[in-house]
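> could you work out the structure for the sequence below:
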Amino acid sequence: MGIAGFVAGVTLWGVLAGLLLPRAVYRLSVELGMPWRSDCPAGHPLTGPAGGWLGFAVCPRCGPGARWHGGYAPVAGAVLATTLVCLTLGAGVGARPELGAWLLLAPFTVLLCLVDQAVHRLPDVVTLPLAATTTAALGAAALFTGTGGSWTRALLGGLTLGSVYLVFHLIYPPGMGFGDVTLSLTLGQILGWYGWFVLFAGTFAGFTAAAVHGYVRAALRRVEPGTSIAFGPFMAGGALAGVIYAGLGLGMGLDLASDPVLGAGLVP
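From the prediction side, this is the model:
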């Protein structure tokens with residue numbers, strides 16, 4: 001497959017996956033304790049693939065010209081975000097076996113970011129299966145030659161980062177929701193796949209970006225100091241930065257598994 005076919009395939013995956021996200025975002029964007037939405041804003045039951053979770057932005061029963069509103073994620077935003085993330089992963093990681101895992105996980109991560117942005121919530125119904133899917137996907141990638149990481153280290157990375165976030169949650173629950181803890185199980189595996197330094201760098205990048213965002217908004221008086229923000233997008237952004245950093249490092253010939261600064265430490 002040439003570079004044009006590679007880019008076209010990644011783009012097509014991003015577009016198609018992004019088209020199926022808005023309905024799931026709409027259904028999941030509810031406050032804690034409320035049931036998932038099962039009807040469109042006009043009251044029509046949502047039907048279709050996967051029990052009505054997958055579908056386009058228009059309710060067929062509302063007529064061809066009626067589009068959903070009321071917290072429903074715009075189609076263009078979901079498609080653009082998913083496609084850009086997939087293309088960024090493709091450019092940074094290249095045609096390594098783990099790219100398949102990253103492309104599989106990308107739409108679900110975008111879904112979580114959109115939901116978190118809407119209602120400051122990361123639903124366990126997505127984050128916990130996503131962690132298990134990450135374990136299986138990276139386990140499958142590890143069976144191929146030419147991978148850039150370690151499945152064992154990925155598992156340890158998930159457990160390590162999950163434990164750190166759990167401590168933060170127990171110390172101050174309003175500042176670190178349990179959804180952040182469950183999402184860290186996935187992101188820890190993704191970053192840990194490439195090494196302990198990548199795990200630290202990606203996590204640090206997410207915290208730094210969130211802090212800068214909060215300070216800038218407070219300085220511009222967009223929000224009151226101490227107002228909570230959706231942390232999930234910053235966690236995911238930091239993980240994406242870590243993956244791209246590792247992918248580019250491997251592309252330049254750096255051995256992340258043995259380098260004492262970039263690499264894996266004692267874990268093979």
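> now the residue sitting nearest the centre point of the chain: how far from residue 200?
The centre of the chain sits closest to residue 109, judged by CA atoms, centre = their mean, with a distance of 2.5 Å. Using CB to CB, to the nearest Å, we find residue 109 at a distance of 20 Å from residue 200. (Each C-beta comes from the backbone N, C-alpha and C, glycine too.)
> tell me the first helix or strand C-terminal of the helix or strand bottoming out on mean pLDDT in the chain.
Among the helical and strand segments of the chain, the one scoring lowest on mean pLDDT, DSSP states H and E is helix 49-52, with a mean of 81. Note on helix 49-52: by DSSP states H and E, the next helix or strand toward the C-terminus is helix 75-93.
> report the buried residues of the least confident helix or strand of the chain.
residue 52 (16 or more other CB atoms under 10 Å).
> restricting to C-alpha, output stretch 171-181 in PDB.
Output of stretch 171-181 as PDB, limited to C-alpha atoms (Å, rounded to 0.1, in the frame of the first residue of the first chain):
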ATOM      1  CA  ILE A 171      -7.900  12.700  48.300                       C
ATOM      2  CA  TYR A 172     -10.100  15.200  46.500                       C
ATOM      3  CA  PRO A 173     -13.100  13.700  44.600                       C
ATOM      4  CA  PRO A 174     -14.500  17.000  43.300                       C
ATOM      5  CA  GLY A 175     -11.200  17.700  41.600                       C
ATOM      6  CA  MET A 176     -10.700  14.200  40.100                       C
ATOM      7  CA  GLY A 177     -13.900  12.300  39.100                       C
ATOM      8  CA  PHE A 178     -14.000   8.500  39.100                       C
ATOM      9  CA  GLY A 179     -14.500   8.600  35.300                       C
ATOM     10  CA  ASP A 180     -11.000  10.100  35.100                       C
ATOM     11  CA  VAL A 181      -9.800   7.100  37.100                       C
END
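> check which residues of it are buried.
Under 16+ other CB under 10 Å, the buried positions of stretch 171-181 are 176, 177, 178, 179, 180, 181.
> give me the element the fifth one is part of.
Element membership for residue 180 (DSSP H and E) is helix 178-192.
> counting contacts, what elements does that helix pack onto?
helix 98-119, helix 124-141, helix 151-171, helix 196-219, helix 232-251 (3 or more CB pairs under 8 Å, 6 or more residues apart in numbering; DSSP states H and E).
> ok, which of those comes nearest residue 34?
helix 98-119 (9.3 Å; CB to CB).
> over to residue 54: give its phi and psi.
Residue 54 adopts backbone torsions of phi -110, psi 130, taken as degrees, to the nearest 10.
> repeat that for residue 39.
According to degrees, to the nearest 10, residue 39 has phi -130, psi 160.
> before we move on, back to that, dump the helices and strands packed on helix 178-192 to JSON lines, plus distance to residue 78.
Converted to JSON lines, the helices and strands packed on helix 178-192 look like this (distance: least, CB to CB, whole Å):
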{"stretch": "helix 98-119", "distance to residue 78": "7"}
{"stretch": "helix 124-141", "distance to residue 78": "15"}
{"stretch": "helix 151-171", "distance to residue 78": "26"}
{"stretch": "helix 196-219", "distance to residue 78": "21"}
{"stretch": "helix 232-251", "distance to residue 78": "13"}
